[in-house]
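**Student:** Sharing a sequence plus its predicted fold:
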Amino acid sequence: MRPLIAIVGRPNVGKSTLFNRLCREKKAIVESLPGVTRDRNYADVTWDGVSLTIVDTGGFEPLNKDRFIAQINEQIELAIEEADVLILLTDGKEGLNPTDRDIIDRLRKAGKPTFLAVNKIDHPKHQERIQDFYSLGVDTIFPISATHGHGVSYLMDKVLSVLPSMEEEVEGELVRVAVVGRPNVGKSSLINGILGYRRLVVSEMPGTTRDAIDSVIKMGEKGYLFIDTAGIRRKQKISLKLEKYCVVKALRSIDRSDIALILLDATQGVTNQDKRIAEYALERGKGIIIVINKWDLIQSQAEIRRYVLNKVKTGLRFIDFAPVITVSALKGKGIMGIFKLIDGVFNEYCSRISTHKLNQLMKEMVKTHKAPRVDGKRLKLFYATQISIKPPTIVAFVNYPEGVNAYYARYLLNKIRREAGLNRTPIRVSFKKRV
């Protein structure tokens, strides 16, 4: 198990910048807007050969009674509970703020090693900015520049010196699941229902999950990594640079996944935006599960529910292999059934067909349905082999690859799907000329 370090502080003091420097990548959103990092963001990093987990928290405003800020505070309290070491980051350019006192008082109650870092000390002549922070009652202050890296290594050396020893964690393969969908379809509520406590901020305001937040859950011997993404907004609604970055992050979340849970709103059916999300997941060769949320809001008559299901399947017929499940994330109904589907889809997603079996299938398919002619010559399929998994990818060697029309390619793919029992995973089939 990796030791966990939580970076805590007021909004806009540079927590995300420090987080990014420690991660050596732009994992957290960095913007000059207070309150941008709304949820905790975890990253596993290695510093001087030591493996640890860094947590970037949302801005800490303990005196603000606003409903949304109260939810942010709850997330930070959870991060503090989980952390082994706390870094309180303050703003040397702005100076000591009364909120800094409130925060450090709450951190002291946690009884965990706490380091006070004063950020934005970008030049030696700025050292005088740290003097007021000694009034917080700390013996050692760490002046740093998260942007330029000054003082960060020294801070981390001291942090590493107090880390508790951790037992080695035996990690099995995690099934990576991206939760994607339009704003306000219930992505965070779904994750919360699965985890059993409010790890993510749940709000009725679209876009509240601005960054991709990873959550790990284990059920028995199986492990799952859930990636809760920002809603992929319609392009015409994107105005802030921040929101543009969110779209990229959401698509990257799909790229990181094995399986995409495409969350739909049962009351709205399939929208063009839903189709674009599904198309992207299909293009990337991801396993797909269609999750229809807010099912409790649909009238209970069987005819109406069948109609809604048929509309969804028709609207997403280009991913007809994807299983469909109905849930109410807010009420916790049906969500645990998702795991059974994930396991089934993942098993097929990782399946291999032996070359012998595959070529037997090809012979039977050609015998049943003759290949088309190309310039008066019959298309010949010599042999086929599976070259990879995730998804199952097959290459068939033929005499004229350009002679394989879309209709015949679809026939071969569907036949392979049926005969190999791969009914719930995408399959890729390409054709190459035999040399």
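**Tutor:** Now that the structure is in, tell me what you want to look at.

**Student:** alpha carbons only for contacts and neighbour counts from here, please
**Tutor:** Will do.

**Student:** Now name the helix or strand holding residue 383.
**Tutor:** strand 381-388 (DSSP states H and E).

**Student:** contact partners of that strand?
**Tutor:** With CA atoms under 8 Å, 6 or more residues apart in numbering as the test, strand 381-388 has contacts from 352-355, 358-359, 362, 366, 392-399, 434.

**Student:** among these, which ones are buried?
**Tutor:** 352-353, 358-359, 362, 392-399 (16 or more other CA atoms under 10 Å).

**Student:** one step back: for the very next helix or strand once past the strand holding residue 383, packing partners?
**Tutor:** Proceeding N to C from strand 381-388, the next assigned helix or strand is strand 393-398, under DSSP H and E. Judged by 3 or more CA pairs under 8 Å, 6 or more residues apart in numbering; DSSP states H and E, the packing partners of strand 393-398 are strand 381-388, strand 428-433.

**Student:** need those strands in TSV with mean pLDDT, can you?
**Tutor:** Formatted as TSV, these follow (pLDDT from 0 to 100):
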stretch	mean pLDDT
strand 381-388	93
strand 428-433	93
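
**Student:** for the ones you listed, which one ends up most surrounded?
**Tutor:** Between those, strand 381-388 has the highest mean count of neighbours, a mean of 18, where neighbours are mean count of other CA atoms under 10 Å.

**Student:** Just want the angle from it to strand 393-398.
**Tutor:** 160 degrees (axes from the mean of the first three to the mean of the last three CA atoms, to 10 degrees).

**Student:** where's strand 381-388 relative to the chain centroid, distance-wise?
**Tutor:** Put simply, strand 381-388 sits 33 Å off its chain's centre (CA atoms, centre = their mean, to the nearest Å).

**Student:** Tell me, how many residues neighbour residue 400?
**Tutor:** Neighbour count of residue 400, defined by other CA atoms under 10 Å: 19.

**Student:** what's next to stretch 325-336, contact-wise?
**Tutor:** Stretch 325-336 has contacts (CA under 8 Å, 6+ apart) with 186, 189-190, 193-194, 289-296, 337-338.

**Student:** And stretch 258-277, by the same measure?
**Tutor:** Stretch 258-277 is contacted from outside by 175-182, 185-187, 232-234, 254, 278, 281, 286-295, 297-298, 308, 311-312, 315-316, 342, 345-346, 390, using CA under 8 Å, 6+ apart.

**Student:** Give me the buried subset of these.
**Tutor:** 175-182, 185-187, 232-233, 254, 278, 281, 286-295, 308, 312, 315-316, 342, 345-346, 390.

**Student:** Now intersect those with the strands, please.
**Tutor:** 175-180, 287-293 (DSSP state E).

**Student:** could you dump these to TSV with distance to residue 97?
**Tutor:** Shown next, in TSV, are these (distance: CA to CA, whole Å):
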residue	distance to residue 97
175	44
176	41
177	41
178	39
179	38
180	39
287	49
288	48
289	48
290	48
291	46
292	46
293	44
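
**Student:** and of the residues you listed, the nearest to residue 147?
**Tutor:** residue 178 (30.8 Å; CA to CA).

**Student:** Roughly how far does the closest one sit from residue 261?
**Tutor:** Per CA to CA, to the nearest Å, residue 178 is found 6 Å from residue 261.

**Student:** The stretch 151-300 of the chain: strands as residue ranges?
**Tutor:** All strands of the stretch 151-300 of the chain, identified by DSSP state E, counting those that start in this stretch, fall at 174-180, 213-219, 222-228, 259-265, 287-293.

**Student:** Looking at these, which is nearest to residue 425?
**Tutor:** Residue 425 sits nearest to strand 287-293 of all the strands of the stretch 151-300 of the chain, at 5.5 Å, using CA to CA.

**Student:** tell me what the closest one is packed against?
**Tutor:** strand 259-265, helix 272-283, strand 324-326, helix 337-349.

**Student:** if you compare the ones you listed, which one is most tucked away?
**Tutor:** By mean count of other CA under 10 Å, the helices and strands packed on strand 287-293 have strand 259-265 as the most buried, with a mean of 26.

**Student:** Paired strands for it, with orientation please.
**Tutor:** Strands that pair with strand 259-265, judged by DSSP bridges, come out as strand 174-180 (parallel), strand 287-293 (parallel).

**Student:** Can I get these in CSV including distance to residue 220 and mean pLDDT?
**Tutor:** Formatted as CSV, those follow (distance: least, CA to CA, whole Å; pLDDT from 0 to 100):
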stretch, distance to residue 220, mean pLDDT
strand 174-180, 13, 91
strand 287-293, 22, 97
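
**Student:** now those in JSON lines, with distance to residue 151?
**Tutor:** Shown next, in JSON lines, are the strands paired with strand 259-265 (distance: least, CA to CA, whole Å):
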{"stretch": "strand 174-180", "distance to residue 151": "36"}
{"stretch": "strand 287-293", "distance to residue 151": "45"}
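
**Student:** out of the ones you listed, nearest to residue 24?
**Tutor:** strand 174-180 (22.1 Å).

**Student:** Centre of the chain to that closest one, how far?
**Tutor:** Relative to its chain's centre, strand 174-180 lies at 6 Å (CA atoms, centre = their mean).

**Student:** Using PDB, write out every CA atom in it.
**Tutor:** The C-alpha trace of strand 174-180 is given here as PDB (Å, rounded to 0.1, in the frame of the first residue of the first chain):
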ATOM      1  CA  LEU A 174      -7.700  -3.700 -12.600                       C
ATOM      2  CA  VAL A 175     -10.600  -3.500 -15.000                       C
ATOM      3  CA  ARG A 176     -10.500   0.100 -16.100                       C
ATOM      4  CA  VAL A 177     -14.000   1.600 -16.500                       C
ATOM      5  CA  ALA A 178     -14.800   5.100 -17.900                       C
ATOM      6  CA  VAL A 179     -18.100   6.600 -16.800                       C
ATOM      7  CA  VAL A 180     -19.100   8.900 -19.700                       C
END
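
**Student:** and that strand with helix 337-349, angle?
**Tutor:** Interaxial angle, strand 174-180 versus helix 337-349 (the same axes, to 10 degrees): 120 degrees.
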